[in-house]
Structure formats: C-alpha cells, structure tokens
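Asker: Provided below for reference: sequence and predicted model.
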Amino acid sequence: MVLDLNKCLGCQTCTIACKKLWNRDAGTAYAYWNSVETQPGEGYPRRWEETGGRTATGEVKRGEVPGIDEGYGRAWTFNHQQVRTEIGSGVRKPWLRPDAPPTWGPNWDEDHGAGEHPGTNHYFYLPRLCNHCTHPACLDACPRRAISKRGEDGIVLVDQDRCHGYRFCVEACPYKKVFFDPERGVATKCIFCLPRIEEGVAPACARQCPGRLRFVGYLDDPEGPIWKLVERWKVALPLHPEYGLGPNVFYVPPVGPVAFDGAGRLVEDEPRIPDALLERLFGPRVHEALRVVRDERARRRRGEASELMDLLIAYDWNASFRLPTGTREVL
Amino acid sequence: MTTRTSLVLSAAPPALSPGGYVARAYADHVTPTTAQAELATSSEAGTWTIALSWHAPRAVRALDGDPARFVDAAALLVPATEAAQAMTMGTPADPVEGVLWRADAERPLRIAARGWGTVERQAAPPQWTAEARWKDGFWYVTFRLGGWTVLDRFRRLAVAVWQGAARERAGLKSVTPQWIRLS
C-alpha cells in the first residue's frame, strides 16, 4: 500500500471503516488496527516510536507492551442511555458526554503539531496500519509460531487458535500495530482485509478514503501503482526504514508549506515542516522524494504532462487499486 | 501420607524459546524471579493432592482490560514417557503432560507439550481442581488431580511458576530443572 500524505485530511474515515468492520468485540474496544495520528505528536499508542525494532546490525531490541492507561487510553464510554431516554421527554436537553473525564486516547493530540503561530507552526496527518513487513518482528517474536506471512501476498496473520496471548509480538513490533485482546486472551492485528483482497477488492481503509490517498497493489507489478510510486518514481518511502523490518506500506511524504518570517512574509526556501522531522520518519531519501514531487507539480503547472501527478491525483480511482480478481475458491 | 519438599527453582533458559526474539531480547533473564517454592504431595484413592506455595509480593489476579498486565500462574509438568525431559517440555517422541493454574481462571487447564512452544491447552477433566489463595505475600495453590495415569505411573513432576508482576509468561518463568520424584 502507498499513502500520499499530501492528500490526507485527517478525517479518520479509514479508522472508522476498519474499526466497524473488524474490531467489534469488547477486548478490542481500545484497539485501532488503523489509526491516523498528527505528526509531530505522541501518536498511538503514546510514544510508540521510542522502543523496539532492530539495530543497524540487525540485532533485535527488546520492546515494550504499552499499558492501557498511559499507552493506549481506555475506550471512552458515553451517557448514550441517558441521552436516549431523556431526549424529547420534556426535561432539559441532555448533552452527550464521556462517563469519566478522558485523559488519553487515540488521536488525542490531533492538530497540535509544533512550532509558533503564524511563522513556523506545522503538522500533518500520518495514517498507520500494520506494515506487513518483509521481516516481521512479530513473527520472529512468537514462540508459539502463531504468526505467519502468506507467501502469495505477504499478508501477516495471527492464528488465534495457536496464540496463547504472550504478547511478545506486541512488544517486538516497533510500529505497535499488533494488539492484545484481554477479553479473549489473543493477539489481534490488521489482516489487510484479507477476505476482500481474495476477491480482488481493496481494503476498507483504502476504499472508504474520501481523499483517495491510498493505493493498493503489488510491489513487483510494473503496471501497478505501487511499483510506479515506489520503484519507478521513488517518491513513496517506508516509515522508519531504520527499524530494519522491511515495511510494505509506503508514504509519499508531505510537501509542506513554506515558513513565514517575523513580518508575515513567505520565506520561499525554508519549509515549515522541518526537514529533520521528515528525515526521522522516512529516512534520508525523503529529500529526493520531495524534490521529485515538487518538480512534477511544477511541470503540471506549466501545462506539461506528468504521469506521476496523474497517478497521485487519482483521476481514475480504479487505477489506484490493482489486485487480481476472484482468486478465492468460493465454496 | 503427605510428603513435603522445598524446591529450588531456576530461570528457564530463554535460549530454548523458539523464534528469534525471546532468546536474544531476554538473554539476560537468568535469575529466577521465584527462587524457592514449597511442595506437599499426597495420594489417596487415585487422587493426587499437590499443594504448591511460593513468595509473590504482588499478586496479579486479573488483566483488568490492560494489555500490559500478566497474571500469576503455576504449572505441574509430568512425563508421558519414561524418557521425557522437563526442561525441554518434552520432544515429539517423548511428550509431557501438565496442569496449568492461572490466577484469572476458575478452572485449571490440562496441557500437553512435545517441545518448547508446542503447549496445547484444553479444559481439565472434572476431577481436576485448583484452589488458590494469596495471603501475606504468598500464593498457596492446591491441586486435586484424579485419574492422571501418567502421574500414577511415573510418579515424577516438575514445577513452573510465573509472576505476573514481573511480566513473566511463556518461557519467562521459574522452574525446577529436573523431575522431582514423588514417594
């Protein structure tokens, strides 16, 4: 999958599409297989970037299992019943409110960003899901061999019949995209909408995205959008490549606005999103990727043809999804 | 007659854990969290009563919806063949059987293994029970196990203890490295 961060609205439609489809039992109330976080920010779970992964020499680092209160945040509950019973009953119209004051949760730091308004303030949205890594830490971590990576499409799956809920997978994944269901005592994670993929239909997060920022296909398909964006144009980059897991979700980095000076004038050669932030997330290749996107944008503005811009604009949305159809044997 | 034994426990070696992660990330897990346990065994009319106690300064009885919480647990392991080894959790040719008590479960589980990472769990037979209480920093767990033929036959067992407060689970545990012979 490739996600063009220049088009993400932070609307969380992908988050909800995933959650409504897959996370409907009590033990996954806190879990978001797909989430959208504001960068810079603490993310979800909180400070997920600070532990795990491999060293430069490939040595595994011991990670952590985030706690529910300080890491993920408990799923909030609301006074829905009170609102339902009191509305229209003649008493004062009730407000919908959380049952307890929330202190932390997914998307808690939405739009906070960093910098000073109006000169250098900046943020962008980073949708995240399981990266279905080429060398998954979760798979290595499981002593039960309950995690597998499908040969035909690279989807990483948990066999919940084998899983004993040890949570080494949760702590080993530096992206913190394996979750634990404390009700059922098993690990849960993004399955890349496997039943849809098997029918040639893109995952729900991608199909529901109103910004059309997600592309789905195979990295080795030279006719597909993924190969074009990752290999041909080299504008789509993995998140934290230094973790060393070979993530297979790629991002077109955000071309941020330019900064203002103290008098409110644009400073054309100074990006408002600091280079260091983008380099930290996407590695040193981010600068070349941004240069290519800027160049192709300029080309399009001049009225010249740009395959890259046509692809990223998604004139033909169906071209964003290139999957073999109907591969599953329907019984 | 009840036989009482003081057990010296070791940290199970993480190097035996399958997969690439636990063995490396927990290579320093060499000191047992639970260094000692007390065992009392007796057998009458085909039912074994096995009482196990150990020091657990902080009891963890439930997950309380927290993915980072691990509950206390203990297991008794028994060879299913003459040659089965406790430390390896058996092998494909020489399996082991056991009973697992978890602080958050009402009933014990019957387990079987053919090597590390192969444990299979199932509901224990009705004649198996585990009663537990925690008092003054100690867990006291009493198993009553009827009709366990391999225990009757081989009269050997091994013990494993997991302290949830120390985030122990799977191969992160304190164990008796050898079989304990029952009289």
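Answerer: Alright, I've got the coordinates. Residues are numbered from 1 along each chain as shown, chains lettered A, B, ... in the order given.
Asker: dump the residue contacts of the residue lying closest to residue B:156 once chain neighbours are set aside.
Answerer: Excluding the flanking residues, the one nearest residue B:156 by C-beta to C-beta, 6 or more residues apart in numbering or on different chains is residue B:179, at 3.9 Å. Using the backbone N, CA and C atoms, a C-beta is placed for each residue, glycine as well. Residues in contact with residue B:179 (C-beta atoms under 8 Å, 6 or more residues apart in numbering or on different chains) are B:79, B:86, B:156-158.
Asker: do that again at 6 Å, thanks
Answerer: B:86, B:156, B:158 (C-beta atoms under 6 Å, 6 or more residues apart in numbering or on different chains).
Asker: for stretch A:44-56, which positions count as buried?
Answerer: A:44-46, A:48-49, A:51-54 (16 or more other C-beta atoms under 10 Å in any protein chain shown).
Asker: go on, stretch B:161-176?
Answerer: Neighbour counts over stretch B:161-176 (16+ other C-beta under 10 Å) mark B:161-164, B:166-176 as buried.
Asker: Go back to those and keep what's next to chain A.
Answerer: B:169-170 (C-beta under 6 Å from any C-beta of the partner chain).
Asker: The buried residues of stretch B:161-176 in strands, which ones?
Answerer: Among those, the ones falling in strands (DSSP state E) are B:161-162, B:174-175.
Asker: what about stretch B:14-33, how long is it end to end?
Answerer: One end of stretch B:14-33 to the other measures 14 Å (C-alpha to C-alpha, to the nearest Å).
Asker: Over to stretch B:49-66?
Answerer: End to end - C-alpha to C-alpha - stretch B:49-66 spans 34 Å.
Asker: Check stretch A:61-71 too.
Answerer: By C-alpha to C-alpha, the extent of stretch A:61-71 from end to end equals 19 Å.
Asker: Any buried residues in that stretch, and which?
Answerer: Neighbour-count burial for stretch A:61-71 [16+ other C-beta under 10 Å]: A:61-66, A:68, A:71.
Asker: ditto for stretch A:254-263
Answerer: Using 16+ other C-beta under 10 Å as the test for burial, stretch A:254-263 gives A:254-256, A:259-260.
Asker: Give the bridge partners for the residue most central in space within chain B, please.
Answerer: With distances taken as C-alpha atoms, centre = their mean, residue B:75 lies nearest the centre of chain B, 1.8 Å away. Beta-bridge pairing for residue B:75 (DSSP bridges): residue B:100, residue B:160.
Asker: residues contacting it?
Answerer: B:98, B:100, B:160 are the contacts of residue B:75 under C-beta under 6 Å, 6+ apart.
Asker: ditto for residue B:10
Answerer: So residue B:10 contacts B:32, B:177 (C-beta under 6 Å, 6+ apart).
Asker: pLDDT score for it?
Answerer: pLDDT for residue B:10: 97.
Asker: and the helix or strand of chain B with the lowest mean pLDDT, how far from the chain's centre?
Answerer: Using mean pLDDT, DSSP states H and E, the weakest-scoring helix or strand in chain B turns out to be helix B:21-25, at a mean of 92. In terms of C-alpha atoms, centre = their mean, to the nearest Å, the gap separating the centre of helix B:21-25 from the centre of its chain is 22 Å.
Asker: do the same with stretch B:55-74
Answerer: Centre to centre, stretch against its chain (C-alpha atoms, centre = their mean), the figure for stretch B:55-74 is 15 Å.
Asker: Show the contacting residues for the closest residue to chain B within the stretch 201-331 of chain A.
Answerer: Taking C-beta to the nearest C-beta as the measure, the stretch 201-331 of chain A has residue A:245 as its residue closest to chain B, at 11.9 Å. Listed by C-beta under 6 Å, 6+ apart, the contact partners of residue A:245 are A:133, A:135, A:137.
Asker: Including pLDDT and neighbour count, could the residues you listed go into TSV?
Answerer: As requested, those are arranged in TSV below (pLDDT from 0 to 100; neighbours: other C-beta atoms under 10 Å in any protein chain shown):
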residue	pLDDT	neighbour count
A:133	97	24
A:135	93	15
A:137	93	29
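Asker: Quickly name whichever of the residues you listed is closest to chain B.
Answerer: Of the contacts of residue A:245, the one sitting nearest to chain B (C-beta to the nearest C-beta) turns out to be residue A:137, at 6.8 Å.
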